[in-house]
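> pasted the sequence and its predicted model underneath.
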Amino acid sequence: MEKSSEDKLSKIVSLAKRRGFVYQGSEIYGGFAGTYDFGPLGVVLRRNIVDAWLRSMQMHENIALLDSSIFTAPRVWEASGHVSGFNDPLVVCDSCHSKLRADHLLKDIEVNADERMTEDELNELFDKHRDKLKCSVCGKKKFGKVVQKSLLATSTLGSFDENDEHVYLRGETAQGIFINFKNVLDTGFYSVPFGIAQVGKVFRNEISPRQFLFRKREFEQMEMQYFVRPQDAKEAYEMWKKERMEYYIGLGISQKKLRFNQHENLVFYAKDAWDIEYEYPFGWDELEGIHNRGDYDLRQHQKFSGVDLSVLDEKTNDRYVPNVVETSAGLDRTFLMLLADAYEEDEMNGEKRVVLRFSPNIAPIKVAVFPLLRNKPELVEKARGIYKNIKKDIPDSMWDDHGNIGKRYRRQDEIGTPYCVTVDFETLEDNTVTVRDRDTGKQERVAVDELLGALSLEKKR
Ligand code: GAP
């Protein structure tokens, strides 16, 4: 990573902690790799992301919602192919003992390791380039053998005897959707084409969790599986690709930092796969995967469960197993992208500042209300009344009376609050307040009765 990019990421990490967006998991115990905790503003930002995603799905009349359990019968993961085929190649540095992804080391020297390679094939490829490969932690060039490691995390939930079968924590939310396909269909409200969408926690034994929220061991997915007739899969795939890109632009993300990238090497279930990529501070990488999964998953679950998952084509009277177009977005990667995209350092009124230029629909705090002075009871009382009213309509608003006005503006800029409302002595005379715009710094006097209308909280960028 270039120095300036590294700097930007570390500035984001430090702002995220300082202002209560994200903390290292188990921080007071020295941390627990691959986990993060979300603070007061982080929780609200996550909720805003989920709301925006759910809205984008519920705009369609034929998308059903689901909340399936994290734990499932172990057979689910055998049927899905994850038990045998959901692996990452591990290699250990002989010098510093860091555990590293062999495919990432190869990628650093522009050699592509196909996801479908066997352990032997990977070792052959690794050996061929061994003299050029360097440990990404200590820079030394001595490694052991490449070993395929399962990404599935296991648990003893429900087992009380060491001989009991262990269970898997879900490695993607999609499988919960496939195993409930028939249940949702049987409600009688949906017929092909239709989608099932869900948001939920996912667990993966990532070998090297890294780059802040980008690669975690416990993370959250927002997935939608769209069930179509096989002959309609291609068209549906193109429709969803287009729609998902438009969704990110609608979140206010800079278009020049978004792109599509088609997978050269397909994972075991996919017929076609494109990623929407974002240019993070550490470079272009995946944000969301859009996959044409064919009928692989429903057929596998049909085979393993013995339950018929075919549907009737009412025109031809034939039964068929639907194809699946999947859109799979990461909540944590969206969070990281939003922070990176919104982060700016600029100068306002001759003073340097850090500002998060969130679009108001995503900003965790939409408006902050201040009394000009905290030791003037008449100002505080008036400001409290105005704040109470705003809070009824805009729950994501904040009271702030610490430090002087300049400090409050800097603090609100740092968390991306689009508007600050100040109650001053003029307010007591004419019932007007100043509204200050985060992006321009311009201040306008607005009548208290017209305040809500004056805060244009639709998309700003
Ligand atoms: N159901 C398909 C699936 O799970 P994936 O490409 O493995 O596909 C989909 O994951 C999305 O989940 C990714 O685009 C990314 O946003 C997110 N994701 C995957 N692994 C992640 C990790 N270790 N940490 C954070 N987000 C992750």
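Yep, it's here.

> check contacts around V111.
By Cβ atoms under 8 Å, 6 or more residues apart in numbering, the residues touching V111 are 125, 129. In this view, the C-beta of every residue, glycine as well, is placed from N, C-alpha and C.

> repeat that with 7 Å
H129 (Cβ atoms under 7 Å, 6 or more residues apart in numbering).

> ok, now N431?
Listed by Cβ under 7 Å, 6+ apart, the contact set of N431 reads 447-448.

> tell me the confidence at it?
Predicted confidence (pLDDT) for N431: 97.

> and it, how far from D401?
Using Cβ to Cβ, to the nearest Å, N431 is found at 20 Å from D401.

> cool, K391 as well?
Noted for K391: a distance of 15 Å to D401, by Cβ to Cβ.

> again with G453
Applying Cβ to Cβ to G453 and D401 gives a distance of 25 Å.

> which of the two has more neighbours?
Legend: neighbour count by other Cβ atoms under 10 Å for G453 and D401, higher for D401 (16 against 9).

> tell me the phi and psi of the closest residue to the more buried one other than its chain neighbours?
With Cβ to Cβ, 6 or more residues apart in numbering as the criterion, D401 has its nearest non-adjacent residue at 4.1 Å, and that residue is R374. In this entry, R374 is assigned phi and psi values of phi -80, psi -10 (degrees, to the nearest 10).

> isn't R374 right next to V380, touching?
Yes. Using Cβ atoms under 7 Å as the test, R374 is close enough to V380 to be in contact (6.4 Å).

> and for those two, which residues touch both?
Looking at what touches both R374 and V380 (by Cβ under 7 Å, 6+ apart), there is no common residue.

> in terms of pLDDT, where does the spatially most central residue of the chain sit?
With distances taken as Cα atoms, centre = their mean, L331 lies nearest the centre of the chain, 1.9 Å away. What the model reports for L331 is a pLDDT of 98.

> now do the end-to-end distance for stretch 105-125.
End-to-end distance for stretch 105-125, by Cα to Cα, to the nearest Å: 12 Å.

> that stretch near the ligand at all?
No. Using Cβ under 6 Å from any ligand atom, stretch 105-125 stays clear of the ligand, with a minimum separation of 10.5 Å.

> would you pull up how far that stretch lies from the middle of the chain?
Distance of stretch 105-125 from the chain centroid (Cα atoms, centre = their mean, to the nearest Å) equals 28 Å.

> buried set for that stretch?
For stretch 105-125, burial by neighbour count (16 or more other Cβ atoms under 10 Å) applies to 105-106, 113, 115, 117, 122-123, 125.

> nearest to the ligand, of the residues you listed?
E115 (10.5 Å; Cβ to the nearest ligand atom).

> wait, is Y278 part of a helix?
No. Using DSSP: H, G, I helix; E, B strand; the rest coil, the assignment for Y278 is strand, not a helix.

> which ones are touching it?
257-258, 287, 337.

> per-residue confidence at it?
The model's pLDDT for Y278 equals 98.

> could you report the separation of it from E115?
Distance of Y278 to E115, computed by Cβ to Cβ: 21 Å.

> and what of F143?
F143 sits 20 Å away from E115, going by Cβ to Cβ.

> please apply the same query to H104.
Taking Cβ to Cβ, one finds H104 at 13 Å from E115.

> one more: M245?
24 Å.

> my read is that V92 contacts G144, right?
Yes. Between V92 and G144 a contact is recorded at 4.9 Å, counting by Cβ under 7 Å.

> these two - which one has more neighbours?
V92 (19 against 11).

> check which helix or strand that one maps to.
strand 87-92 (DSSP states H and E).

> can you list contacts of that strand?
99-103, 105, 113, 122, 126, 143-144, 146-151, 207.

> good, wrapping up.
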